[in-house]
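> Mind folding the following:
(2 chains)
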Amino acid sequence: MRGGLWQLGQSITRRLAQADKKAITRRYFASEADLKKTVLYDFHIAHGGKMVPFAGWSMPIQYKDSIMDSTINCREYGSLFDVSHMCGLSLNGKDCIPFLEKLVIADVAGLAPGTGTLTVFTNEKGGAIDDSVITKVTDDHIYLVVNAGCRDKDLAHIEEHMKSFKAKGGQVSWHIHDERSLLALQGPLAAPVLQHLTKEDLSKIYFGEFRMLDINGSHCFLTRTGYTGEDGFEISVPSDNAVDLAKAILDKSEGKVRLTGLGARDSLRLEAGLCLYGNDMEQHTTPVEAGLTWAIGKRRKAEGGFLGAEVILKQLAEGPKIRRVGFSSSGPPPRSHSEIQDEKGTNIGEITSGGFSPCLKKNIAMGYVNSGYHKAGTKVKLVVRGKAYDGVVTKMPFVPTKYYKPS
Amino acid sequence: MALRMWASSTANALRISVASKARLSPYSFSRCFSAVIDGLKYATSHEWVKHEGSVATIGITDHAQDHLGEVVFVDLPEVGTSATQGKSFGAVESVKATSDINSPISGEIVEVNSKLSESPGAINSSPYEEGWMIKVKPSNPSELESLLGPKEYTKFCEEEDAAH
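Numbering: from 1, shown residues only, chains lettered A, B, ... in the order given. As a prediction, the model looks like this:
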């Protein structure tokens, strides 16, 4: 998962609130020594990063800037995120495409080499194991990035299916890119700043496209993608060069691109209407319910052939019973697990992510409602601490996305 | 108040970010990261109480608001209801998180700061003045003795941060 930020905070709070504070604190944070550190850990500390445990990693929740300022700065200028906790993976071999197509909903075969897409790994019931950005590098090489919190189960899932695929004569192997680190550079200055560090013409690389190229003197994987709704890149860099690259990016931006932590990352992705696996999508949620029908390739809709395809294709034909939608609301910001009611007070669903939007200066949220209540403009009640507040189903993204696409 | 969520493991980082604030405060201890006001009593859950005559004013500390970040909404109780020591009487929502606010003392709530519904940010800009939350008529003034003085609270914050 990319987050669970809110839950993380909640669980710590509860634990601390329950018993002897000090003892619990010591016990909890003793395990902090077991947390994994990215190669940028010392760099984060030196820049005022406030480190928190996140999916088994010690990651910056924010730096010196507040989450509000950080979020706004990303959209105005730019943000640099260390997302090295996420797991980069290559699938190689002449059958890597048919192999992957058994596990995901995307039309991988139909992707042009050097392009990618958001996809979902599904289980037998059509539920989501994880979401992932996959790239077809060549016909015999797929590069993908999965969520840190899902790494173990994803790899186990892929490995299990790889075994039986190979047993039947399929040719596929994997490489986990633990020798690399991942930086996300997002915002309007992302391209102009990165252009200072590479000879490749970035204006020819569009949203969703991928290149292997030299950046700041090291061999990088560059994907024009991100998790903020802004134009930007995710850069897989050899770990030995990661700190140098981070420094170079900040230097070239003359201080305008700022280090940004998980807090603002969560605000940004919520404003962009993007799912956080573990909150907005779980094992029991299908891509159709999650509003990711667009990510099911046309050919895949016709042919199926991925785990849970029967369930998903049936939902496509009949319509899902619940749907992920956006909300804006008055009162306190709804958070995950806030109840959604119709105007008469009947339960119609649950919020999965919510907060105060730093850019829009109002509450935004997403959650699942029974079909029929999903149309933009539908009035609802959102229950926070026992009180019902007015809300309205609102189209996502809340903040317009600015992906770099051919005009 | 239960707000030790995000920044709780980050004593070092906080030292940097709060250092400048301490200078602006009316009174502060040299080794304190956030402003602590003399003459107030403090709860270990990071609320302050100012007892004057028959009424006690309650809010959250500078340390608390700094951990929380920008406050965007405040849930306050109704006048006439009662507050109980150590029990939640309201909540503060920041961009970062939601936190319950516990009452440092028990008593009848005689006034709430209704201006906070329009300008919740006063809790950040002026946690000890404009950002007060409720006024209570203490039912058991001896409860005040169980609270921390400014020096003790400062030490408590330091230890709490250092523990992470």
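
> what about residue A:193, neighbour count?
Neighbouring residues of residue A:193 were enumerated by other C-beta atoms under 10 Å in any protein chain shown; the total is 24. (Glycine included, C-beta is placed from N, CA and C.)

> ok so it is a helix residue?
Yes - read with DSSP: H, G, I helix; E, B strand; the rest coil, residue A:193 is one of the residues of a helix.

> Tell me who's in contact with it.
Contact criterion C-beta atoms under 8 Å, 6 or more residues apart in numbering or on different chains gives A:78, A:185, A:249, A:252, A:253, A:257 as the residues in contact with residue A:193.

> how far away is it from residue A:380?
Here the distance between residue A:193 and residue A:380 works out to 42 Å (C-beta to C-beta, to the nearest Å).

> what helix or strand is residue A:75 on?
For residue A:75, the enclosing helix or strand under DSSP states H and E is helix A:67-76.

> Touching that helix from outside, list them.
When contacts are taken as C-beta under 8 Å, 6+ apart, the neighbours of helix A:67-76 outside the stretch itself are A:62-63, A:65, A:79, A:186-188, A:228, A:230, A:256, A:258, A:260-261, A:263-264, A:267-268, A:271, A:358-359, A:399, B:69-70, B:95-96.

> Just the ones in helices from those, please.
Those of those mapping onto helices are A:263, A:264, A:267, A:268, A:271, per DSSP state H.

> For chain B, state which of those residues is nearest.
Lowest distance from chain B to those (C-beta to the nearest C-beta) belongs to residue A:263, with 5.8 Å.

> Around the closest one, how many other residues sit close by?
For residue A:263, the number of neighbouring residues by other C-beta under 10 Å comes to 29.

> isn't it right up against residue B:96?
Yes - between residue A:263 and residue B:96 there is a contact under C-beta atoms under 8 Å: 5.8 Å.

> so what sits against both of these two?
By the contact definition C-beta under 8 Å, 6+ apart, residue A:263 and residue B:96 are jointly contacted by A:61, A:62, A:67, B:6, B:69.

> pLDDT-wise, what's the bottom of these?
On pLDDT alone, residue B:6 ranks lowest of those, at 36.

> Can you list the neighbours in contact with the longest helix belonging to chain A?
With secondary structure taken from DSSP H, chain A has its longest helix at helix A:151-167. Judged by C-beta under 8 Å, 6+ apart, the contacts made with helix A:151-167 from elsewhere in the structure are A:87, A:89, A:95, A:99, A:102-103, A:121, A:129-130, A:132, A:146-147, A:172-174, A:176.

> one more time with 6 Å
In this structure, residues lying in contact with helix A:151-167 by C-beta atoms under 6 Å, 6 or more residues apart in numbering or on different chains are A:87, A:99, A:129, A:130, A:146.

> so the first one sits right up against residue A:146, yeah?
In this case it means residue A:87. Yes - at 4.9 Å, residue A:87 counts as touching residue A:146 under the criterion of C-beta atoms under 6 Å.

> higher neighbour count, the two?
A side-by-side neighbour count of residue A:87 and residue A:146, using other C-beta under 10 Å, places residue A:146 first with 26 against 22.

> can you give me the helices in chain B?
Applying DSSP H to chain B gives helices spanning B:11-24, B:62-68, B:115-118, B:122-125, B:150-162.

> low-scoring stretches of the chain, by residue?
Answering for chain A, as no chain was given. A:1-32 (pLDDT under 70).

> Please refer instead to chain B.
Low-confidence segments of chain B, defined by pLDDT under 70, are located at B:1-33, B:164.
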